[in-house]
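J.: no sequence on hand, only this structure:
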């Protein structure tokens, strides 16, 4: 079995926590902060105006060589204005557990992403770890830049 890996990113947004929550708790906004080359397309109807525990979100992405992959996540935990968690139910990872934390700080909102992930195929999957780490860093750096542009003062 392969190891569980961690990616953590902290960003301060110049907006109140309510505004940050409103943006990030709307699943369709994910497309606005995802690199275009991943070609993220939702494949199910998104129910509700905000996330809720038990919500299922399905999409297709093309992370490698333009090959489409199905991904299904479930919103498993929601503590309004504080955090929510999405977990992969089907998709490219053996494990994907993504925590989104929000905290009011001087000057805005501190947003922290904590992602625990595990690659499939045991030790063979770990051969792809350097490439996966690089791609995840690129995706989350892109998101950070897009969010900074979106909420620029």
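T.: Sure thing, it's come through. Computed from a prediction, not measured in an experiment: that's the story for all the values here.

J.: contacts for stretch 40-52?
T.: With Cβ atoms under 8 Å, 6 or more residues apart in numbering as the test, stretch 40-52 has contacts from 22, 25-28, 30-31, 34, 55-61, 70, 75, 78, 84. The way it works is simple: take the backbone N, C-alpha and C, and place the C-beta from them, glycine included.

J.: ok, and the closest non-adjacent residue to residue 4?
T.: residue 118 (4.9 Å; Cβ to Cβ, 6 or more residues apart in numbering).

J.: this structure: strands as residue ranges?
T.: 4-13, 41-42, 56-64, 67-79, 83-90, 95-105, 108-118 (DSSP state E).

J.: of the ones you listed, which is nearest residue 135?
T.: strand 56-64 (6.6 Å; Cβ to Cβ).

J.: show me what the closest one is packed against.
T.: strand 41-42, strand 67-79 (3 or more Cβ pairs under 8 Å, 6 or more residues apart in numbering; DSSP states H and E).
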